[in-house]
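A.B. asks: Give me the fold of what follows.
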Amino acid sequence: MTRTRKGCEKIFHAYVEATVALVQKRGYPEPDSYGERWEILDKLGRRKLVEVGDSAFLYLHQYGYYAGKIRPEIEKTMKDVKEAIDYVRKEVAHESQ
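C.D. replies: Model (predicted):
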């Protein structure tokens, strides 16, 4: 159970770091809060990233890590986070060229 909890938190923070990279690449400072990050992503037209972040915050960070409750939504959320991180990597790499 401890490994699962830690895994949930690591995946959640990988999402956070990836979206921070995108936000900074677009010229914004690093957000001070989750809410500020969601607002910037929304301004950037990245609504899907906001939705994935909301799910990751709830199912991975809150339920999985803090509450230690492994809900059925965790697996789908992990898949969505992986897809979001892959998307952000491509966006950031594309803008660096």
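
A.B. asks: What separation do you get for the residue nearest the centre of the chain and G35?
C.D. replies: Relative to the mean C-alpha position of the chain, the nearest C-alpha, by Cα atoms, centre = their mean, is the one of Y15, at 2.9 Å. As judged by Cβ to Cβ, to the nearest Å, Y15 and G35 stand 15 Å apart. From N, CA and C alone the C-beta is placed, and that goes for glycine too.

A.B. asks: Wait, the residue nearest to the centre of the chain touches E83, no?
C.D. replies: No: using Cβ atoms under 8 Å, Y15 is not in contact with E83, being 10.5 Å away.

A.B. asks: which residues are common contacts for those two?
C.D. replies: Common contacts of Y15 and E83 (Cβ atoms under 8 Å, 6 or more residues apart in numbering): V52.

A.B. asks: tell me how far the host helix or strand of the residue nearest to the centre of the chain is from the chain's mean position?
C.D. replies: Using DSSP states H and E, Y15 maps to helix 2-25. Mean-position distance between helix 2-25 and its chain equals 6 Å (Cα atoms, centre = their mean, to the nearest Å).

A.B. asks: name the helices or strands packed onto that helix?
C.D. replies: Counting contacts by 3 or more Cβ pairs under 8 Å, 6 or more residues apart in numbering; DSSP states H and E, helix 2-25 is packed against helix 34-43, helix 47-55, helix 73-96.
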